[in-house]
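1. starting from these lines, generate the structure:
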Amino acid sequence: MGHSYGDRVLIAIARRLEAIARDHGFAARLGGDEFTVVHRGMRVEQILDFGTRIVRAFDTPLQVDEREVIVSVSVGASVFPDHERDAEPLLRAADAALFHAKSLGRSQLATFTPELLASASARFSIEQGLRRALQGEEFELFYQPLIDTGTHEVAQVEALLRWRLPDGTCWLPDEFMTVAEESGLIVEISDWVLRTAIRTAARWHRDSWPAARVAINVSARQFLDYRFVSRLEELLREFDLPAGCIELELTESVLQTGAHTIRTLDQLRAIGVAVALDDFGTGYSSLASLQRLPLTCVKLDRSLIAGIDDNARSASIARATIALCRGLGLEVTAEGVERIEQLAMLLPHRAISLQGYLFSRPVAASEVLPLIARLPALCRELNQLAQNLPTSAKFTSRAGERRRGALSLVSD
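-> Numbers count the residues shown, from 1 in each chain. Got it, this is the predicted structure:
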């Protein structure tokens, strides 16, 4: 709908906040989508009631240009002089409480405690570090191979973000991505990842790996930007890389966005970009996603693969999920393959790809081409070991079992 419509939504939010605060204070916009409400004469014990009024005020949708807009708010509160005595420290205390409220879920309220300030200070330190990292080239992409079970060749590699701190410490995304999303820096970081991965893939494509294919994780903010597809096309042209050399990985939560999702996926498929549903098996509407979204691949989450070698139910679920995906014409990748016993259970499925530490940890870009050259021999050795394990029969032997059960079909 564009930036101008977003501005009108912010105006509608401000007016509703003004109506709440009018009798005893005022409301003001701090920046972005953050507002502050200053209320006079409130004690600590009263703050919960007032904060709850603010949260509940947005239970009713906003009306913007004759459209209903559903907005949820999170509230963080601090009180003078109980928490701080000056304006800036009071705002910092409220911001620390707001961050805690957001971590609790949607439409939550939190009041300041001294412990939250330490957490906010750590978050601020990470945020400043991320800003420095974007300017100082501290981010790196590592690449983990996906192995084709039929050919033993590397089918593609997945680009994985790492943050190399000045002291040499390497941070994984789980350690900083929440702060990146909260601060809005996720937009710049995601674009850096996209550009770097495409540039690297183009170099491999022109070098000794003409069939280079790189999977790139896409953030929610990045995918929902109406300029995303045009930005992707711009980068592919800049580095002269065929669209078929790229696969975009999106989590199920990113894809639960209605008509916009379908339009964007259709545009990506039209230009030849593959789209994978990542972490399959961890969401609540996975089967619906498979049925209605124009996907090319499904990546089974490591939680589905973890117990397939020692748990009959895990093996049955994995087997059924693979069969379902293949029946829908989708490529399948099993993530988190770390043990030879897991490989033994997956070998009967020749038309899937495998990813995990059993084959290789993520490596720097400079190590990818040598790794691709030596992995087929290693994979053949691993396959031979797996075929000699007695556990390899378990995956298929349960197909003939019959159990008593009931199937209920409920219609409204």
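
2. for the rest of this, base every contact and every neighbour count on C-alpha atoms.
-> OK.

3. partner residues bridging Val157?
-> Val157 forms beta bridges with Pro145, Val214, as assigned by DSSP bridges.

4. and for it, the neighbour number?
-> By other CA atoms under 10 Å, 23 other residues sit near Val157.

5. distance-wise, check it relative to Arg292.
-> According to CA to CA, to the nearest Å, Val157 and Arg292 sit 27 Å apart.

6. just the element for the residue sitting furthest away from the middle of the chain, please.
-> Using CA atoms, centre = their mean, the residue of the chain lying farthest from its centre is Gly41. It sits 43.0 Å away. Counting by DSSP states H and E, no helix or strand carries Gly41.

7. got it, and Val193?
-> Counting by DSSP H and E, Val193 is part of helix 186-206.

8. equivalent analysis for Tyr143, please.
-> Counting by DSSP H and E, Tyr143 is found in strand 139-148.

9. low-confidence bits of this protein, can you list those?
-> By pLDDT under 70, the weakly predicted segments of the chain are 1-3, 44, 256-257, 283-286, 391-412.

10. where do the domain boundaries of it fall?
-> Here the domain parsing of the chain from automatic domain parsing is 3-112, 132-398.

11. where's Ala87 relative to Met42, distance?
-> For Ala87, the distance to Met42 - CA to CA - is 16 Å.

12. between the two, tell me which one has more neighbours.
-> Counted by other CA under 10 Å, Ala87 and Met42 do not tie: Met42 has more neighbours, with 13 against 10.

13. show me where the stretch 51-200 of the chain has its strands.
-> Using DSSP state E, counting those that start in this stretch, the strands of the stretch 51-200 of the chain run over 62-64, 67-69, 75-77, 109-111, 139-148, 154-164, 170-171.

14. one step back: pull the distance from the strand holding Tyr143 to the chain's centre.
-> Offset of strand 139-148 from its chain centre (CA atoms, centre = their mean, to the nearest Å): 17 Å.

15. kindly report the same for stretch 342-362.
-> For stretch 342-362 - counting by CA atoms, centre = their mean - the centre lies 23 Å from the chain centre.

16. for stretch 366-375, same thing?
-> Worked out by CA atoms, centre = their mean, stretch 366-375 lies 27 Å from the chain centre.

17. start at 49, not 1
-> Sure thing, new numbering starts at 49, so read that last one as stretch 414-423.

18. which residues are contacting it?
-> Contacts of stretch 414-423 with the rest of the structure, by CA atoms under 8 Å, 6 or more residues apart in numbering, involve 191, 193, 200-202, 256-257, 407.

19. any of these buried? List them.
-> 191, 193, 200-202, 407 (16 or more other CA atoms under 10 Å).

20. could those be laid out in JSON lines, adding distance to Gln94?
-> Output for the buried ones among the contacts of stretch 414-423, formatted as JSON lines (distance: CA to CA, whole Å):
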{"residue": "Tyr191", "distance to Gln94": "53"}
{"residue": "Pro193", "distance to Gln94": "56"}
{"residue": "His200", "distance to Gln94": "66"}
{"residue": "Glu201", "distance to Gln94": "65"}
{"residue": "Val202", "distance to Gln94": "62"}
{"residue": "Phe407", "distance to Gln94": "59"}
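
21. now the closest residue to Asp349 other than its chain neighbours: how far from Gly384?
-> Of all residues not flanking Asp349 in the chain, Asp327 sits nearest, at 4.3 Å (CA to CA, 6 or more residues apart in numbering). Going from Asp327 to Gly384 by CA to CA gives 11 Å.

22. which of the residues in stretch 350-366 are buried?
-> Result for stretch 350-366 [16+ other CA under 10 Å]: buried residues 350, 352-357, 362-364, 366.

23. export those residues to TSV and tack on secondary structure and distance to Ser231?
-> Shown next, in TSV, are the buried residues of stretch 350-366 (DSSP: H, G, I helix; E, B strand; the rest coil; distance: CA to CA, whole Å):
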residue	secondary structure	distance to Ser231
Arg350	helix	29
Leu352	helix	33
Ile353	helix	34
Ala354	coil	34
Gly355	coil	37
Ile356	coil	39
Asp357	coil	42
Ser362	helix	39
Ala363	helix	41
Ser364	helix	42
Ala366	helix	38
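
24. what residues are up against Val235?
-> 269-270.

25. 10 Å instead, please
-> Counting by CA atoms under 10 Å, 6 or more residues apart in numbering, Val235 touches 228-229, 267-271, 273.

26. Ala263 now?
-> By CA under 10 Å, 6+ apart, the neighbours of Ala263 are 191-194, 204-208, 242, 245-246, 249, 293-297, 322-324.

27. at 8 Å instead, please
-> Counting by CA under 8 Å, 6+ apart, Ala263 has contacts 204-207, 294-297.

28. distance of Leu65 from Ile102?
-> 7 Å.

29. brain fart, Ala62
-> The value you get for Ala62 to Ile102, if CA to CA is used, is 12 Å.

30. one more: Gly384?
-> Gly384 is 44 Å from Ile102, by CA to CA.

31. how about Arg133?
-> Using CA to CA, Arg133 is found at 24 Å from Ile102.

32. between those two, which is the more surrounded one?
-> The neighbour comparison of Arg133 against Ile102 (other CA under 10 Å) goes to Ile102, with 21 against 11.

33. is that one in contact with Ala69, as I believe?
-> No: at 9.1 Å, Ile102 does not count as touching Ala69 under the criterion of CA atoms under 8 Å.

34. Phe187 against Arg210, yeah?
-> Yes: in terms of CA under 8 Å, Phe187 counts as a neighbour of Arg210; the distance is 5.8 Å.
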